[in-house]
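Asker: Everything below, folded, please.
(2 chains)
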Number of protein chains: 2
Amino acid sequence: MNNQSIGLVERKFFTLVEPIALESGECLENVILAYETYGELNQAKSNAILICHALSGDAHVAGFHLGADKGGWWEIMVGPGKAIDTDRYFVICSNILGSCMGSTGPSSINPKTGKAYGLAFPVVTIADMVKAQKALIDHLGIRKLMSVIGGSIGGMQTLEWSISFPSMVFSAIPLATTQRHSALAIAFNEVARQAIMADPHWQHGDYYDGQKPDLGLAVARMIGHITYLSDTAMRNKFGRRLQDKNDFSFNFDADFQVESYLRHQGTKFVNRFDANSFLYITKAADYFDLTSKRTADQQSVFSRAEARYLVVSFTSDWLYPTRKSRAMVKAMKKHNVNVSFCEIEAEWGHDAFLLPNPRLADMLSGFLDRMAKEYQI
Amino acid sequence: MNNQSIGLVERKFFTLVEPIALESGECLENVILAYETYGELNQAKSNAILICHALSGDAHVAGFHLGADKGGWWEIMVGPGKAIDTDRYFVICSNILGSCMGSTGPSSINPKTGKAYGLAFPVVTIADMVKAQKALIDHLGIRKLMSVIGGSIGGMQTLEWSISFPSMVFSAIPLATTQRHSALAIAFNEVARQAIMADPHWQHGDYYDGQKPDLGLAVARMIGHITYLSDTAMRNKFGRRLQDKNDFSFNFDADFQVESYLRHQGTKFVNRFDANSFLYITKAADYFDLTSKRTADQQSVFSRAEARYLVVSFTSDWLYPTRKSRAMVKAMKKHNVNVSFCEIEAEWGHDAFLLPNPRLADMLSGFLDRMAKEYQI
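Answerer: You can find the predicted model right below:
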């Protein structure tokens, strides 16, 4: 154990041979997934862990790309000797279908027209994203994942994996997530989408040859950031502290630090993310409902689960609050699912799973260690 | 007591003789306030109640304008035999400075240019709004208000009244309000403002001769509406119920009822409200801090208060939560302020004070009755 970074890593691409039959009824051909892997797959191909990323994430979980001064988005958690130990496990992450970080999405070229899809891209669901990932896992020759792990929308994928392909998931760790969006969560996403669609540069999604809907996307991102932080986190981080001055500006500049922070987050985001992908992925999250279509009994969906679960929530997450995770765990237990639940004290709101947290790290490392023993890797 | 509507009422206008010296240091001339009154002022001029309205409200609290099929915004609470009984009290409400409902604001004509002010209108504060109202109360010959009542931003005005002009306020009823905005409340307002300012039709506030920033204002209003409802209210009102259909649209139409509701609220709002007024009033709310500038001791501001207070919060109000009202009441008590506090069980979130609520009605009516006796009217 050296507890260092993986070092240099590379993004790879996988082209699906078969078209994906989507939940909408449409069929999507020529799907490409960007992905990265870390560590070595053992001979039995039993030490694979799939990490599923959230809304604006990508396949680059850990290590450094050539020339980059910043590591992957979960560098703190994934690496040699870290909680998700790449000396022991073979870690995979793929950019989700519908995103804009190398996998096929609305900004990709539509082979039928030779132009970017825009809104011609079909609406995809969390189950569709998982279906695409499953093709990648098959391609890598892995028959069963030792674990699937993900936070937020990544947690939805984790849950979906365990129900869509129960025999392929030995264990599952959904973090800071929900089995279905509340009206409040849908409301936030909808207003964010409206902000994008209100931008005249959006042009019904057909903006790839001209100006992008940057202002709308920035507002959408700001709305998101409000939901990622908690009231407490905002109070501790910003309070009513003013920006660079001792008094109010008495104009519409950013007076308060929280205003500058949000403006900065909005502006930064438009340089790396596609507005249409934001629409598609938030829609997938809103549509997600682990139980609704599968059965008349809302909860018996868990009776098909084979995975050992570790469900983690965070005290200050008001987007996906603990009480909902607890309700899900209760439903799981009712169907004799092997599930551990932990609520972690953290004041950083929904984003807590992305931030350094020794308790979360210990929890993941301990659970994975136990799974490795049970799975006899 | 007949418990009916006041019937036909009329909006009046009052022009301030003196310019207002604003908190920003600027001076505002030719200020006009739109206002309405209900009931009769008694000979001693001691039965006057001032109602302060919230962000998007106006002077039209109760009764019906000629030809209108809808009553005032607090018709349920104000009228003959109602909680705020116009058979006993002389009720006044004026549209706030900076608004667009008849009082001077950014959409008014700037006498210096002959054109609408736009951003040339000075940034006003809650204290400035109260200063303008005070001129109106002076004009009406009232030396002391039996009560000042208001919810949300109207509650801020109520608190400000009791501190700016303590000898003029016999009692004060701040409802669903706060003595200062949290970082979270500022964050919501800022994102709403950004949505307006991102609309190309906004034109730095100079849009009165052309197209208005309707799309931006609609998004801003939607953000507001999320904060006015509670998680519970949204769940009860909408849940994940779909709009007019049994399945998802698989496009970016409004699938969920909560989405249609928000879109509807946004669209409806742009027909009656000015985008610049939205900027100015939310900024005033963000700036509001009852205690900060007045004294080094954050709370001793209350030592100058003479009013008897009734502070009311609502269980599901997450914009101005009970714990903050409670902290304010504690500070008041520390300075021997005569204060009663009540948290009302209501699942409708911040907006609860505007909705029918027998407990609130009883509370107001009882408190006012006691005040009337103590004030010997």
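Asker: Which stretches in chain A count as helices?
Answerer: A:126-139, A:153-164, A:183-197, A:214-228, A:231-237, A:257-270, A:275-287, A:322-334, A:358-374 (DSSP state H).
Asker: Show me which residues of the stretch 251-377 of chain A sit near chain B.
Answerer: Residues of the stretch 251-377 of chain A lying close to chain B (Cβ under 8 Å from any Cβ of the partner chain) are A:251-252, A:254-256, A:258-259, A:262-263, A:266, A:279, A:283, A:286-287, A:289. Bear in mind the C-beta positions are built from the backbone N, C-alpha and C, glycine included.
Asker: make it 6 Å
Answerer: When proximity is defined by Cβ under 6 Å from any Cβ of the partner chain, the stretch 251-377 of chain A lies next to chain B at A:Phe256, A:Val258, A:Glu259, A:Leu262, A:Tyr287.
Asker: before we move on, what about the stretch 101-250 of chain A?
Answerer: Near chain B, when you scan the stretch 101-250 of chain A using Cβ under 6 Å from any Cβ, you find A:123, A:183-184, A:186-187, A:190-191, A:194-195, A:198, A:200, A:215, A:219, A:222-223, A:226, A:231, A:234-235, A:238-239, A:248, A:250.
Asker: Filter those residues down to the buried ones.
Answerer: A:123, A:183-184, A:186-187, A:190-191, A:194-195, A:198, A:215, A:219, A:222-223, A:226, A:231, A:234-235, A:238, A:248, A:250 (16 or more other Cβ atoms under 10 Å in any protein chain shown).
Asker: Show me the residue at the heart of chain A, geometrically.
Answerer: A:Ala54 (1.5 Å; Cα atoms, centre = their mean).
Asker: How confident was the prediction at that one?
Answerer: pLDDT, A:Ala54: 98.
Asker: My read is that it contacts A:Ile153, right?
Answerer: Yes. Using Cβ atoms under 6 Å, A:Ala54 is in contact with A:Ile153, at 4.8 Å.
Asker: hmm, back to that, so who does the residue nearest to the centre of chain A touch?
Answerer: A:Gly151, A:Ser152, A:Ile153, A:Gly154 (Cβ atoms under 6 Å, 6 or more residues apart in numbering or on different chains).
Asker: Throw those into CSV and include pLDDT and neighbour count, thanks.
Answerer: Listed next are those as CSV, based on pLDDT from 0 to 100; neighbours: other Cβ atoms under 10 Å in any protein chain shown:
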residue, pLDDT, neighbour count
A:Gly151, 98, 29
A:Ser152, 98, 27
A:Ile153, 98, 24
A:Gly154, 98, 28
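Asker: Now for those residues: which two are most distant?
Answerer: Using Cβ to Cβ, those reach their maximum pairwise distance at A:Gly151 and A:Ile153, which is 8.2 Å.
Asker: Now for the closest residue to A:Glu306 other than its chain neighbours: which residues touch it?
Answerer: Here the nearest residue to A:Glu306 in space, its sequence neighbours aside, is A:Pro166; by Cβ to Cβ, 6 or more residues apart in numbering or on different chains that works out to 4.3 Å. If you count contacts by Cβ under 6 Å, 6+ apart, A:Pro166 has them with A:Arg304, A:Ala305, A:Glu306.
Asker: Roughly how far does A:Pro166 sit from B:Ile20?
Answerer: For A:Pro166, the distance to B:Ile20 (Cβ to Cβ, to the nearest Å) stands at 70 Å.
Asker: do the same with A:Asn246
Answerer: From A:Asn246 to B:Ile20 the distance is 24 Å (Cβ to Cβ).
Asker: Of these two, give the one with the bigger neighbour count.
Answerer: B:Ile20 (21 against 5; other Cβ atoms under 10 Å in any protein chain shown).
Asker: give the contact list for the residue lying closest to that one once chain neighbours are set aside.
Answerer: Once flanking residues are discounted, B:Ile20 sits nearest to B:Leu28: 4.8 Å by Cβ to Cβ, 6+ apart. Listed by Cβ under 6 Å, 6+ apart, the contact set of B:Leu28 reads B:Ile20, B:Leu22, B:Pro122.
Asker: need these in a markdown table with pLDDT, can you?
Answerer: Listed next are the contacts of B:Leu28 as a markdown table, based on pLDDT from 0 to 100:
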| residue | pLDDT |
| --- | --- |
| B:Ile20 | 97 |
| B:Leu22 | 97 |
| B:Pro122 | 98 |
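Asker: Sitting in strands, which of those do you find?
Answerer: B:Ile20 (DSSP state E).
Asker: And chain A, what are its domain boundaries?
Answerer: Here the domain assignment for chain A is A:12-180+A:289-374, A:185-283, based on automatic domain parsing.
Asker: As TSV, the ones you listed with distance to B:His350 would be great.
Answerer: Converted to TSV, the domains of chain A look like this (distance: least, Cβ to Cβ, whole Å):
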stretch	distance to B:His350
domain A:12-180+A:289-374	15
domain A:185-283	14
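Asker: Of all these, which one is nearest B:Thr178?
Answerer: Comparing those by Cβ to Cβ, domain A:185-283 comes nearest, at 11.6 Å.
Asker: Span of the closest one from start to end?
Answerer: One end of domain A:185-283 sits 11 Å from the other (Cα to Cα, to the nearest Å).
Asker: quick one: low-confidence ranges for chain A?
Answerer: Within chain A, the stretches with pLDDT under 70 are A:1-3, A:245, A:293-299.
Asker: partners of the residue nearest to A:Arg359 when sequence neighbours are not counted in the sheet?
Answerer: Once flanking residues are discounted, A:Arg359 sits nearest to A:Ile344: 5.4 Å by Cβ to Cβ, 6+ apart. In this entry, A:Ile344 is beta-bridged to A:Phe314, by DSSP bridges.
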